[in-house]
Structures are given as structure tokens and as C-alpha cells.
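1. sequence and predicted structure are below.
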Amino acid sequence: MASFRKRIVLKFGSGVLTRARSSGLDPKQFAKLTAEIAALIGAGHQCVAVTSGAVAAGMSALSLTERPNDLATAQASAAIGQSKLMRAYETAFARYKLNVAQLLLTHGDLDSQMRRANARNTLERLLAAGNVVPIINENDSVAVEELKFGDNDRLSVDVAVLAGADLLILLTQVDGLLDAEGNIVRRVRDIDRAKNLVNGDKGRFSVGGMVSKLDAVQRAVDAGIATAIINGRQPQRVAAVVAGETVGTHFVTKKRK
């Protein structure tokens, strides 16, 4: 692994955290992903997780088998599922003697100068502890942006910028951006051009998709944050990206001022 210690934001989409053929969270995925984060922290890196999955986690309590389309039901499911989601992270990270901290944000929080400063100060204090993993989600029970549009893609960039991250990793259900022949595009310089390769597909419990991710990535690279999209269901992809290996799709950043 590269010796340079990095501040890393990892975004987990709903499709990465839920069971492939049924509703509900996937314990095996939580075990795998938290193990990879724990290894990074053990190597001296600082990690922040931006997570989706609250709606999917709460669906069974409302006897739902598909993601709800109406806002009230989606928010109710998120309200139920958020505690289940955090419990899954808490249980998985406890194996490595790591604590978790829940931060529920809205874009309004990050647009407000005072609330943004408060969020940054809280995040810095949590990371300084060394044994705490901040787990950030949109406050879906009161906010609507991610429920309707982005599946936390935009939020992950906002958090990366807020934290002054060195690296943003978006974990999805595919190996990266694919070209017309189905081959992985390893390196992207022109995101507008890359959008022509996207078909708009998304998972059963997702509301984002690759277009949403590319819109978010544009903002990240403009801010000078190295960004990659990788398959969150494949082992050791996170460590490979941090080590500078060629996995998934990497996006060329602009130099920070």
C-alpha cells in the first residue's frame, strides 16, 4: 500500500449494501467493506463513509418488496431503516475495535456557512480520535434530494470537499464506466464525453445510476479530488485504488489551487 497517508471518502450505494436477490441489508457485504476500511485505518489513513441503504433497510417493516415510489413511504422507510443501517455498521466495525459516529446531513446544512462550519468541526474532531469512523447519510426523513435524484452521489462529493479529502471512491455494482463494447474505461479526462457511454441503468434499490455518479465526479475533479468508481462487491478493490493500482475507472483531476 502507498506510504502517503490519505483522507479518504468512500460512498456506498444501496445496491452495494443490500442482498442481491431480496430486500434487506447484506451482512456479508458489511463484513467485507468494514474489514477493508479497518485495514486502511490500521495503515494510518483517515476514512469517512457516505452511505445509502436506509430505505432498503426499513422496507421489510412496512411489508415492502420494492423501493417505494411515493415520498411519504420512502421517508417512513428511511426513518425505520436508519437505525438498522447504523447497527449493521456498529456491529461490523466493533470487530476491529472501531466506533462509529452518525452524521445526518442535508444539502441545506452544507449550504449554510454556520452549519457547514459546525459539520466540518465535528468531522475533524471525529477523525482526530483515530478510532472512530464517521458514517454520513442524508437526513432522508426530512430531506428529499437524494430520495428523488442522487442516491448520495452528490452528498459524497460535498463531504469530500468539506473534509478536504485526497481521494473519493464510489462503490457501485459494476466494475466501472463501460464503453460500447462492455470494456472498462480505465481513465477519463473528459466527463461530458464519457456520459455518452452511459445507458442509465440502476439497481432495484437505487435512485442514482451512472449519470448521477458522473455529475458528482465532475464536481469532485473540479475541486482537485482524485476520484474512482469501482465494483463494491469485488474483494480488495478499495485497497487497490488507495495503493494506486489500475482497477475500476479513474478520473483525471484538476490541480488544486
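-> Sure thing, it's come through. Residues are numbered from 1 along each chain as shown.

2. please, where are all the strands along the stretch 101-250 of the chain?
-> For the stretch 101-250 of the chain, the strands defined by DSSP state E, counting those that start in this stretch occupy 132-138, 167-172, 187-188, 226-231, 249-251.

3. so can I have CSV of these showing mean pLDDT, mean neighbour count and distance to Asp153?
-> To be clear about C-beta, it is placed using only N, CA and C from the backbone, and glycine gets the same treatment. Shown next, in CSV, are these (pLDDT from 0 to 100; neighbours: other CB atoms under 10 Å; distance: least, CB to CB, whole Å):
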stretch, mean pLDDT, mean neighbour count, distance to Asp153
strand 132-138, 95, 23, 11
strand 167-172, 95, 26, 7
strand 187-188, 93, 15, 16
strand 226-231, 96, 23, 10
strand 249-251, 95, 23, 13
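
4. including distance to Val55, could those go into a markdown table?
-> Formatted as a markdown table, the strands of the stretch 101-250 of the chain follow (distance: least, CB to CB, whole Å):
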| stretch | distance to Val55 |
| --- | --- |
| strand 132-138 | 10 |
| strand 167-172 | 17 |
| strand 187-188 | 30 |
| strand 226-231 | 22 |
| strand 249-251 | 26 |
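
5. out of those strands, flag the one nearest Ser14.
-> strand 167-172 (10.1 Å; CB to CB).

6. packing partners of the closest one?
-> Strand 167-172 makes packing contacts with strand 7-12, helix 14-17, helix 153-163, helix 210-222, strand 226-231, helix 237-242 when contacts are defined by 3 or more CB pairs under 8 Å, 6 or more residues apart in numbering; DSSP states H and E.

7. wait, which of these is closest to Val252?
-> That would be, of the helices and strands packed on strand 167-172 and by CB to CB, helix 210-222, which comes in at 6.8 Å.
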